[in-house]
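[1] the following comprises the amino acid sequence and a computationally predicted model.
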Amino acid sequence: MLLLGAGIAVVTGIAYNAAAALQKHETLQVPRATAGILVSLIKRKVWVAATLLSVVAWVGQVAALALAPIALVVPLLSIGSAVLVVLGVTYLHERFRRIELAGVALIAIGAAAAGAVETGSTASRIHLSVAAQILIAGLALVAAAMATRSSSGLALGTASGFGFAAVALFSKEVGDRIADGGLGAVPHLLAGPAPWLLAAVAIPALTLLQAGFQRANAASVMAAVTVPEAIGPVLGGFAFYHERYPHGAGAFILPVGLVFAVTGSVLLAHGRKLGEPRPAVGSA
């Protein structure tokens, strides 16, 4: 089950970033906006298809979180960032400096290290209390509001990341309930706050992500998303789900792996701004 969850997480990360490349392309075809950008994008078929791909990827995320620990699943999702760099160059005509490519490598190394530490662990199936769920949503929305004091693409990406961090925790709640009770758990889920709070943070997060795509290159924005989206759920796994912190060498490797992933995201986030001329081939 653990290896299956890890495999699903990797595929899910690739799908999320492929969808992001398509969404980025479409955001450049509509007027620049923040609050009302989804109104324009919902009319574009490619954007709708990309968003549906994200929904399919979310189902994969739910499954992965039900099968494997958060500290394994979340770093593995970051591996998809490399796909977005490739698509950024070939499809979106973005260019990256060597320091940004080093960032991609650090994300991959950090994700692999953090994942290796968790290979002997199992996923927790503790259900969150209503108070805990409201607290998670509140913290995510407050943090996102603080991040949006700046309207840069990276700030909007960071704000979006706080929302998606909460989405990951609510996704685990949904996945765990269905894993324990099958489809019969759906009515119980709908009677509780988890799916509604998930929607309450997911829609603003999606809006901020699309607005961020209009202001900076796709990989830079997704890198900014990765920092809170990776750290938040991992800390939530320890705090709310009582997932066991690794012992021995793993107690050192896990935080170092996460630091590598976050450092890689920071390096990657120093991408060229939207509209900046492409450098000559071979330039750094």
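    Cool, got the structure. Residues are numbered from 1 along each chain as shown.
[2] from now on I want contacts and neighbour counts done on CA atoms only, so please keep to that.
    Will do.
[3] for residue 236, which residues are in contact?
    Taking Cα atoms under 8 Å, 6 or more residues apart in numbering as the criterion, residue 236 is in contact with residue 169.
[4] after the strand or helix carrying it, which helix or strand is next?
    Here residue 236 is covered by helix 218-239, with elements defined by DSSP states H and E. Downstream of helix 218-239, the first helix or strand assigned by DSSP H and E is helix 250-268.
[5] how far away from the center of its chain is that following helix?
    Computed by Cα atoms, centre = their mean, to the nearest Å, the chain-centroid distance of helix 250-268 equals 15 Å.
[6] return the set of buried residues in stretch 146-155.
    For stretch 146-155, a neighbour-count test (16 or more other Cα atoms under 10 Å) marks 147, 148, 152, 153, 154, 155 as buried.
[7] if you could redo that for stretch 128-143, that was the one I meant.
    In stretch 128-143, counting by 16+ other Cα under 10 Å, buried: 128, 133, 136, 137, 138, 140, 141, 143.
[8] ok, stretch 248-265 next?
    So stretch 248-265, judged by 16+ other Cα under 10 Å, has buried residues 250, 253, 254, 257, 258, 259, 260, 261, 262, 263, 264, 265.
[9] export these to a markdown table and tack on pLDDT and distance to residue 180?
    Output for the buried residues of stretch 248-265, formatted as a markdown table (pLDDT from 0 to 100; distance: Cα to Cα, whole Å):
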| residue | pLDDT | distance to residue 180 |
| --- | --- | --- |
| 250 | 79 | 29 |
| 253 | 84 | 32 |
| 254 | 81 | 28 |
| 257 | 82 | 31 |
| 258 | 79 | 30 |
| 259 | 85 | 34 |
| 260 | 86 | 35 |
| 261 | 77 | 32 |
| 262 | 78 | 33 |
| 263 | 85 | 37 |
| 264 | 79 | 36 |
| 265 | 72 | 35 |
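[10] in helices, which of the buried residues of stretch 146-155 fall?
    Of the buried residues of stretch 146-155, the ones assigned to helices by DSSP state H are 147, 153, 154, 155.
[11] residues contacting the closest residue to the second one other than its chain neighbours?
    Nearest in space to residue 153, with sequence neighbours left out and distances taken as Cα to Cα, 6 or more residues apart in numbering, is residue 212 at 4.1 Å. Each residue near residue 212 by Cα under 8 Å, 6+ apart is listed here: 152, 153, 154, 155, 156, 157, 221.
[12] so residue 166 sits right up against residue 136, yeah?
    Yes - with contact defined as Cα atoms under 8 Å, residue 166 counts as touching residue 136 (6.3 Å).
[13] rewinding a little: out of the buried residues of stretch 128-143, which are inside helices?
    Per DSSP H, helices hold the following members of the buried residues of stretch 128-143: 133, 136, 137, 138, 140, 141, 143.
[14] how close does the fifth one sit to residue 236?
    Counting by Cα to Cα, to the nearest Å, the separation of residue 140 from residue 236 is 12 Å.
[15] show me the contacts for residue 260.
    106, 107, 109, 110.
[16] please apply the same query to residue 22.
    So residue 22 contacts 46, 47, 50 (Cα under 8 Å, 6+ apart).
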